[in-house]
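Trainee: Provided below are the primary sequence and the corresponding predicted coordinates.
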Amino acid sequence: MAGSQIERAFSLLERLACEPRGLPMQSLADDLRIPKSATHRMLAELIRLGYVRQNPENSRYQLSTRLVAVGFRYLSSSGADVVQPILDRLAGESGELVRLGVIDGDRQTWIAKSQGARSGLRYDPDMGRDAPLFYTASGHAWLSSMSDAEALALVERQGIADPAQFGPNAPRDNIELLERLRLAREHGYAWVVESSALGMSALAAVVRHPLDGRVIGVLSIAGPTARLPEARIHELAPILLAAAAELSAASPASELFA
């Protein structure tokens, strides 16, 4: 790997950021194509500076919390949460309502939003509501990250409410729900058309913690079916997935995921 010493040092830090359990020196040297002797010197210096530590039980190298602390100090002084600009940009690009739900145990709660519609019908439910799992895109996106058995058990614990509240295309039973989840896994995102409500559509993707991969949130785009037919839903999917990946990377610096 060519590059300056500082470029190599940052490459080491970025590689360790992807491995919360740490890595042995040889793996770091091989992955980054840095000589083992140079890898050892850089790790020793990063340990001295407090950015890396060596686990005494298995000798693996891990990030310390110092780098995270630096980021938090910057964010606290900037006075802005990193999440909102991402939501605002996605809302502007899609022209629809963007919502972020966070995962807390068995609940997914909508806690942040940005409205992209500037005219016509604006779909804007209250924040703080738990996302219904059985018939919403946000619910399907989260459920699709689980096994079928786990998903059905979680739906049962939440309950399915009154079918009269659903849209005409809501799943009619668990078999239909599991088919929706299969499609969501296949595409990497979930979508519904007139499932949660008549005349409304949505698509959603999970946000994962960048270190351990667990689902920590769900990002969605929702709006009138007249503006969000299924073809438009799939056109918007790439920018939804890109925003979800950006939220994943930024999540350790956001109080919303704390």
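Mentor: Alright, I've got the coordinates. Numbering: from 1, shown residues only.
Trainee: only C-alpha atoms for contact and neighbour calcs from this point on.
Mentor: Fine.
Trainee: which residues does Gly217 contact?
Mentor: Listed by C-alpha atoms under 8 Å, 6 or more residues apart in numbering, the contact partners of Gly217 are 100-103, 108, 206-208, 257.
Trainee: tell me the most packed of those, by neighbour count.
Mentor: Highest neighbour count within these: Val206, with 32 neighbours (other C-alpha atoms under 10 Å).
Trainee: ok, now how distant is that residue from Val70?
Mentor: In this view, Val206 and Val70 are 27 Å apart by C-alpha to C-alpha, to the nearest Å.
Trainee: ditto for Leu43
Mentor: According to C-alpha to C-alpha, Leu43 and Val70 sit 19 Å apart.
Trainee: let me see the contact set for Glu246.
Mentor: Glu246 sits next to Ile86 when contact means C-alpha under 8 Å, 6+ apart.
Trainee: swap in the one 3 residues further on?
Mentor: Taking C-alpha under 8 Å, 6+ apart as the criterion, Ala249 is in contact with 209-210.
Trainee: ok but it is inside a helix, no?
Mentor: Yes. Counting by DSSP: H, G, I helix; E, B strand; the rest coil, Ala249 is part of a helix.
Trainee: what is the least confident helix or strand in this structure?
Mentor: Least confident helix or strand, the chain: helix 66-78 with a mean of 62, by mean pLDDT, DSSP states H and E.
Trainee: tell me which strands and helices whichever helix or strand comes after that helix is in contact with?
Mentor: For helix 66-78, the following helix or strand on the C-terminal side (DSSP states H and E) is helix 83-94. Here helix 83-94 touches strand 97-104, strand 107-115, helix 230-250, going by 3 or more C-alpha pairs under 8 Å, 6 or more residues apart in numbering; DSSP states H and E.
Trainee: at 10 Å instead, please
Mentor: Using 3 or more C-alpha pairs under 10 Å, 6 or more residues apart in numbering; DSSP states H and E, the elements in contact with helix 83-94 are strand 97-104, strand 107-115, strand 215-224, helix 230-250.
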